[in-house]
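sharing a model prediction with you, sequence too.
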Amino acid sequence: MNGLVIQFSSIFAGLAMFAFGAVTLWLVIQPGQRMRQLMPSRGALVIVTGALALWSAACFVYGRVSPQAAIADTLRNLAFTAWLTLTFGGMTRGAPSQPIRLILLTLVVINLVASIFASLALLGIALGDLPISTVRLTDTTRVVDMVTASGGLLLVEHFARHRGESVRMPVMVVGGGIAALWAYTLNLHLLGWLSGGEPLTLILLEPLFVLLVLPAFVLVALDTGRDRIRLSRTIAVRTLAILGLALYLVVIAVTGAIARLVGGDYGALAQGVLLTLALGLGGLFFALPRARAWLLVMLSKHFFEHRYDYRAEWMRFTATLEGQEGDNDPPFRRIARALSELAGSPAVLVMTADTDGNYAVNDHWQWPTALEGSDQITTREAFVLQESGRIIDIDHLRRGESRDVGEEVAINLPSWMVADQRIWVLMPLLHLRRMVGIAVLHRPRAPRALDWEDLDVLRISGRQAASHIAEMQSQAELSEARRFDEFNRRFAFIMHDVKNLASQLGLLAANAERHSENPEFRADMIETLKLSVARMNELLHRLSSQGRSGAVTCAVVKVAPLLARIAAEAGRRHPVSTGCDDGLDLSGDAHAVGQILSHLTANAIDASPANTPVLIAASADGDAVRIDVIDHGNGMSREFIRTKLFKPFVSTKDNGFGLGAFEALQLARAMGGRLDVDSREGEGTRFSLWLPRAATASETNQKERAA
């Protein structure tokens with residue numbers, strides 16, 4: 001087994017030798033100015049990669065446990081120390097502190113001593129009179145390696161903590177690679193000391209680990225990544241968990257080793273106690289939400305620069321506000337949930353204004369018990385809160401304290417809110433200085449005081465939630481305005497039709513005075529009244545909420561009967577003649593087509609001389625049906641047709657609404673048709689209605705056979 005591991009160790013060492021040799025050569029030939037932008041101490045970096053190449057060569061030629069590898073190991077440590085000192089020391093204002101200087105001096109001295117011992121080992125091999133076993137990797141050199149690795153890790157941590165804000169990403173990557181190599185050395189010697197033996201397999205596989213660190217130096221050699229390394233909060237927390245687990249395993253191992261040294265059967269007992277304690281604490285944190293909340297607060301407070309991971313929190317906040325697929329929560333409940341997740345509050349109330357201006361609970365997220373209907377914030381209290389614009393810490397208000405003198409104390413909150421100890425924070429939801437809602441936050445499971453970061457996050461999230469509420473309110477108001485607009489539009493059209501009916505009934509009443517004794521006139525009058533009543537009922541239906549809102553339903557409409565009905569209705573006022581191709585059908589809405597022709601015919605009658613008939617003619621034109629309404633009146637100018645004819649509320653009549661032509665055009669377009677006008681002043685006007693032609697049964701069969 002060891003023979004196979006030695007072979008693999010030699011292979012990995014050879015690969016590392018060629019790889020680090022190539023990186024060293026590449027760094028040497030790079031332009032100096034370009035490299036200085038990435039690395040302040042280019043020469044020290046070349047020495048580091050050269051030392052790694054030399055160490056790999058020694059392991060490849062002489063073996064990992066040879067004195068030659070030991071000498072190369074000390075040279076590698078000296079190169080690492082020099083790079084850390086020249087790179088980070090040059091960025092530090094003033095000289096390094098005394099403890100750092102002591103660590104640097106210790107590392108240099110012990111590595112020089114270790115190189116002397118290794119050199120003596122080589123001399124003993126050459127002369128043959130010095131036993132190798134007395135100077136090879138013994139307990140002394142093992143301690144030297146452990147001290148070097150520990151001191152080196154302290155240096156990396158110190159420089160990264162004090163100068164990490166001002167260095168570029170490649171510097172941090174190289175520093176991380178060096179720290180990884182020292183950590184490997186420290187762990188393998190620590191495991192050997194705990195186990196009482198030499199971890200030969202881990203020592204032989206060290207070239208493999210060195211090869212794994214190679215990308216850190218390749219990153220610099222390829223001139224990539226000029227920014228700082230920024231771990232996400234999720235990765236940082238998981239890394240802390242892994243480090244905690246590793247520390248727990250080390251504690252168990254050390255406890256077992258100490259117990260073996262003391263004697264007796266205390267090792268298994270100690271390890272069992274530690275395991276039981278770890279499982280108990282783990283179960284406590286998983287079972288109790290308050291314990292988990294306390295742990296998260298401690299981690300955010302002591303391990304991170306900011307309490308919040310702003311990017312992740314903001315993305316989650318906006319996603320919750322918008323609602324994901326399958327999320328059926330009402331909008332105000334989503335707002336409460338988003339604020340709850342952001343602030344770490346277990347429950348949130350969202351209050352909005354009622355018709356009297358008082359703020360009552362609109363919705364909530366996991367609030368323990370329902371509030372009474374009288375639990376409101378009055379208009380006066382809400383106005384003071386809106387004018388202050390402040391996020392209220394209820395605990396400060398209960399104690400009569402204030403961070404800004406005269407601010408929070410001046411706000412008189414309702415007694416039920418001050419008395420309810422569950423209420424933690426009151427935040428106004430302001431949109432353009434107008435309060436559109438109030439959020440009430442439940443006290444968190446792990447009590448903590450609000451700081452400036454909490455206030456800033458709550459303030460900006462409150463504005464975002466307020467913008468969301470304002471947008472919902474605007475959409476609701478816009479929808480209501482559209483319904484009113486649709487109602488007004490229908491009412492205007494209906495008023496136009498009512499005017500026509502009133503004119504028709506007025507003419508009928510005038511004729512009744514002269515022809516009331518005529519039986520034919522009475523029969524015609526009754527028929528006209530029936531048609532008028534039916535027409536008015538239809539208009540009332542259109543005006544109601546169940547009526548049509550401009551939508552049309554296309555079906556097959558027979559043209560000839562439709563023209564005959566229009567002519568019969570209009571013929572009582574003025575002579576109307578019709579003409580239609582035999583069997584002509586169109587595709588459209590019968591009511592809409594009749595309405596268009598009624599408008600056009602009425603306008604033609606109004607424009608025509610008394611004894612000049614109006615002509616309504618329909619014919620097929622390819623796949624379309626053309627219906628012309630022709631009069632011989634005064635006609636219209638091109639300018640009037642272009643700028644005013646189809647504009648609503650523009651009319652040349654004294655009592656006109658100006659909606660007939662406009663409504664006719666809208667209805668024609670809704671059915672997929674068009675309305676053309678040809679008019680000459682002093683000659684007359686032709687309105688041409690174009691609608692799709694309905695295919696006959698024979699034409700349909702021919703198309704099916706052709707297909």
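Structure's in. What do you need?

all contacts plus neighbour counts: C-alpha atoms, from now on.
Fine.

measure Asn634 to Gly682 for me?
4 Å (Cα to Cα, to the nearest Å).

correction: Ile469
Distance of Ile469 to Gly682, given as Cα to Cα: 60 Å.

before we move on, back to that, when Asn634 and Gly682 are compared, which one has more neighbours?
In terms of neighbours (other Cα atoms under 10 Å), Asn634 is the more surrounded of Asn634 and Gly682; the figures are 16 against 12.

assign that one to helix, strand or coil.
When classified by DSSP: H, G, I helix; E, B strand; the rest coil, Asn634 comes out as coil.

ok, it - contacts?
Residues near Asn634 by Cα atoms under 8 Å, 6 or more residues apart in numbering: Ala607, Ser608, Arg680, Glu681, Gly682, Glu683, Gly684.

likewise for Gly152?
Counting by Cα under 8 Å, 6+ apart, Gly152 has contacts Thr81, Leu107, Ala179, Trp182.

which two among those residues are spaced furthest apart?
Taking Cα to Cα, the two most distant members of the contacts of Gly152 are Leu107 and Ala179; they sit 14.6 Å apart.

now stretch 61-69 - C-alpha only, CSV.
Taking Å, rounded to 0.1, in the frame of the first residue of the first chain, the C-alpha atoms of stretch 61-69 are listed here in CSV:
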residue,chain,number,x,y,z
VAL,A,61,13.5,13.5,-7.3
TYR,A,62,14.3,12.5,-3.7
GLY,A,63,10.9,11.7,-2.2
ARG,A,64,8.7,13.6,0.2
VAL,A,65,10.4,12.4,3.4
SER,A,66,13.9,13.1,2.3
PRO,A,67,16.3,15.7,3.8
GLN,A,68,16.3,17.5,0.4
ALA,A,69,12.5,17.9,0.7
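
just the buried residues of that stretch, please?
Judged by neighbour count (16 or more other Cα atoms under 10 Å), stretch 61-69 contains these buried residues: Gly63, Arg64, Ser66, Pro67, Gln68, Ala69.

again, but for stretch 17-33
Met17, Ala19, Phe20, Gly21, Ala22, Val23, Thr24, Leu27, Val28.

dump the residue contacts of Gly357.
Gly357 is in contact with Thr378, Thr379, counting by Cα under 8 Å, 6+ apart.

hmm, 7 Å instead?
By Cα atoms under 7 Å, 6 or more residues apart in numbering, the contact list for Gly357 reads Thr379.

ok so it is a strand residue?
No. When three-state DSSP is applied, Gly357 is found to be coil, with no strand at that position.

state the phi and psi torsions of it.
Backbone dihedrals for Gly357, given as degrees, to the nearest 10, come out at phi 90, psi 0.

where do the strands sit along this protein?
348-353, 359-365, 392-393, 423-431, 434-442, 555-558, 576-580, 585-588, 614-621, 624-631, 674-680, 684-692 (DSSP state E).

so which elements touch the second one?
Right, strand 359-365. On a contact count with 3 or more Cα pairs under 7 Å, 6 or more residues apart in numbering; DSSP states H and E, strand 359-365 meets helix 331-343, strand 348-353.

for the longest one, give the mean pLDDT please.
Model confidence over helix 331-343 averages 92 on the pLDDT scale.

most tightly packed of the helices and strands packed on strand 359-365?
Ranked by mean neighbour count under mean count of other Cα atoms under 10 Å, the helices and strands packed on strand 359-365 are led by strand 348-353, which reaches a mean of 24.

just checking, what packs against it?
Here strand 348-353 touches helix 331-343, strand 359-365, strand 434-442, going by 3+ Cα pairs under 7 Å, 6+ apart.

hang on, the earlier thing: out of the buried residues of stretch 17-33, who's nearest Thr87?
Out of the buried residues of stretch 17-33, the member with the shortest distance to Thr87 (by Cα to Cα) is Leu27, at 16.1 Å.

for the closest one, give me the pLDDT.
Leu27 is assigned a pLDDT of 82 by the prediction.

how close does it sit to Ala57?
Distance of Leu27 to Ala57, given as Cα to Cα: 19 Å.

now do Arg337
61 Å.

can you check Leu339 too?
Between Leu339 and Ala57 the computed distance is 60 Å (Cα to Cα).

quick one: low-confidence ranges for the stretch 201-350 of the chain?
Within the stretch 201-350 of the chain, the segments meeting pLDDT under 70 span 220-307, 325-326.

show me the domain layout of this structure.
Split into domains by automatic domain parsing, the chain comes to 2-227, 231-287, 310-476, 550-699.

ok, which of these comes nearest Asp524?
Nearest of the domains of the chain (Cα to Cα): domain 550-699, 9.4 Å.

any weak-confidence spans in the stretch 1-150 of the chain?
Using pLDDT under 70, the stretch 1-150 of the chain drops low at 1-2, 31-40, 88-97, 117-142.

helices of that one, start to end?
Secondary structure of the stretch 1-150 of the chain (DSSP state H, counting those that start in this stretch): helices located at 2-29, 32-38, 42-62, 67-89, 98-127, 139-163.

tally of neighbours for the residue lying closest to Leu597 once chain neighbours are set aside?
Excluding the flanking residues, the one nearest Leu597 by Cα to Cα, 6 or more residues apart in numbering is Ile566, at 7.2 Å. Burial of Ile566 is recorded as 19 neighbouring residues (other Cα under 10 Å).

wait, Ile566 sits on Ser598?
Yes. Taking contacts as Cα atoms under 7 Å, Ile566 lies within contact range of Ser598: 6.5 Å.

tell me how far Leu219 lies from Ala16.
Leu219 is 16 Å from Ala16, by Cα to Cα.
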